[in-house]
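*Asks:* Fold the following and give me the result.
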Amino acid sequence: INQLARKNDYTLLFAEVFSLDRDKRIHQVRELAAEFIKKRVAGVIYEPLAEPNGNEANEHILGAFRRARIPVVLIDCDIVPFPQRSDYDVIGVNDVEAGAKIANHLLSVGARKIHFLISKLCPTTFLNRLYGAEAELIRAGRFKKGSVLYAEPEDVAALKRHIRRFGKPDAFVCSNDPNAAIFAKTLEKAGLSIPEDVLLTGFADMPVATLMSPQLTTIRQDRNEMGGLAFRRLMERIANPGMAPNEILFPAPLVVRESTQLKRPSPGRRAK
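*Replies:* Purely as a prediction, here's the structure:
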């Protein structure tokens, strides 16, 4: 993006918000939006807030840019869940397809009870992956009630309650790699080993995926390519504000690693 900006004589302003406190995070993003509007920026690439009630906050922030006549391109996801579409350009990956890929892979390695971890900061992207995965599990006759664990990835007590109520899953699907890395420790504290007792997947193929032990099966998301295309689309939007919104989805290849590879018994030895 920096190279594209310099080539087209643009100055970039970057802003990231990391607070886990919902009200503080929304306040920070609104302040940043107000600052961008005050600076009369030419356009904005915006990654929607990930939270249960995020639509209201996202719509408020995007509405402020709209009133200021500042073009916006969304990156990573739309502000509405699949199959709805907003009237913004969206650059991302096909999350429904990605969810189906994860489910198909887990089924192919023998998982039958596939569960999903959903935390408070649940992005629209993960809900879309959940739709794709559930569709595959329904098709395979493997979708079960109680397949979603609503908890923070570090909550050992919630995990134990979930297992007591619904039984031990064969696999857990997490919304992203950092959450999967935290949840791997939680599974260990609950007495479960990866992949011997439970398989684990993440999303985005961040560096943490290969730093984990065992390394994490995930979906590769090329954020550099996404960022470059979002910038090019924003320049087109600035030049032609009236053009129809478009959704551009990148391929999302599955990256299989040890967290979903069951160890096979050595030849001549019987599995216990």
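
*Asks:* Would you map the helices across the chain?
*Replies:* 2-7, 22-38, 54-67, 95-108, 124-139, 156-166, 177-189, 208-211, 223-239 (DSSP state H).

*Asks:* So which of those helices is nearest T201?
*Replies:* helix 95-108 (5.4 Å; Cβ to Cβ). Glycine gets a C-beta too; all of them are placed from N, C-alpha and C.

*Asks:* how about low-confidence regions in the stretch 151-272 of the chain?
*Replies:* 263-272 (pLDDT under 70).

*Asks:* picking up where we left off before, which of the helices of the chain sits closest to V148?
*Replies:* Per Cβ to Cβ, nearest to V148 of these: helix 124-139, 7.8 Å.

*Asks:* so who does R161 touch?
*Replies:* If you count contacts by Cβ atoms under 8 Å, 6 or more residues apart in numbering, R161 has none.

*Asks:* try 10 Å
*Replies:* L149, A151, D155 (Cβ atoms under 10 Å, 6 or more residues apart in numbering).

*Asks:* now swap in A64 and tell me
*Replies:* A64 touches R30, A33, A34, F36, I37, I70, counting by Cβ under 10 Å, 6+ apart.

*Asks:* Quickly list what the nearest residue to the fourth one once chain neighbours are set aside is bridged to.
*Replies:* Looking back up the chat, that one is F36. Nearest residue to F36 in three dimensions, chain neighbours excluded: V44, at 6.3 Å (Cβ to Cβ, 6 or more residues apart in numbering). Beta-bridge partners for V44, by DSSP bridges, are V72.

*Asks:* Pull the number of nearby residues for V44.
*Replies:* 21 (other Cβ atoms under 10 Å).

*Asks:* Just the local confidence number for E59, please.
*Replies:* Reported pLDDT at E59 in the predicted model: 89.

*Asks:* Would you mind measuring from it to F231?
*Replies:* 24 Å (Cβ to Cβ, to the nearest Å).

*Asks:* what's the answer for R112, then?
*Replies:* Where F231 is concerned, R112 sits at a distance of 44 Å (Cβ to Cβ).

*Asks:* Of those two, which one has the most company?
*Replies:* Set R112 next to F231 and count neighbours by other Cβ under 10 Å: F231 wins out with 23 against 14.

*Asks:* Isn't that one up against P71?
*Replies:* No - the pair F231 / P71 is not scored as a contact, 11.9 Å apart, by Cβ atoms under 10 Å.

*Asks:* okay, and the common contacts of those two?
*Replies:* Overlap between the contact sets of F231 and P71, as judged by Cβ under 10 Å, 6+ apart, is given by G43, I45.

*Asks:* export the helices of the chain to TSV and tack on distance to D87?
*Replies:* Compiled in TSV, these are given as follows (distance: least, Cβ to Cβ, whole Å):
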stretch	distance to D87
helix 2-7	25
helix 22-38	18
helix 54-67	10
helix 95-108	20
helix 124-139	16
helix 156-166	38
helix 177-189	31
helix 208-211	35
helix 223-239	12
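
*Asks:* Minimum distance to E196: which of those has it?
*Replies:* Short answer: helix 177-189, nearest of the helices of the chain by Cβ to Cβ, at 10.9 Å.

*Asks:* okay, now E225: neighbour count?
*Replies:* Neighbours of E225 under the rule other Cβ under 10 Å: 12.

*Asks:* One more: G191?
*Replies:* 10.

*Asks:* Find the nearest non-adjacent residue to it, please.
*Replies:* D197 (8.0 Å).

*Asks:* just to revisit the earlier point, how about the helices of the chain, which one is nearest D89?
*Replies:* Distance to D89, taken as Cβ to Cβ, is lowest for helix 223-239 among the helices of the chain, at 5.3 Å.

*Asks:* May I see the buried residues of that closest one?
*Replies:* R223, M226, G227, L229, A230, F231, R233, L234, M235, R237 (16 or more other Cβ atoms under 10 Å).

*Asks:* Correct me if wrong: the second one contacts R220.
*Replies:* No - under the criterion of Cβ under 10 Å, M226 is not in contact with R220, lying 11.6 Å apart.

*Asks:* returning to that earlier point: in JSON lines: the contacts of R161, plus distance to G99.
*Replies:* JSON lines is the format used below for these (distance: Cβ to Cβ, whole Å):
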{"residue": "L149", "distance to G99": "16"}
{"residue": "A151", "distance to G99": "20"}
{"residue": "D155", "distance to G99": "23"}
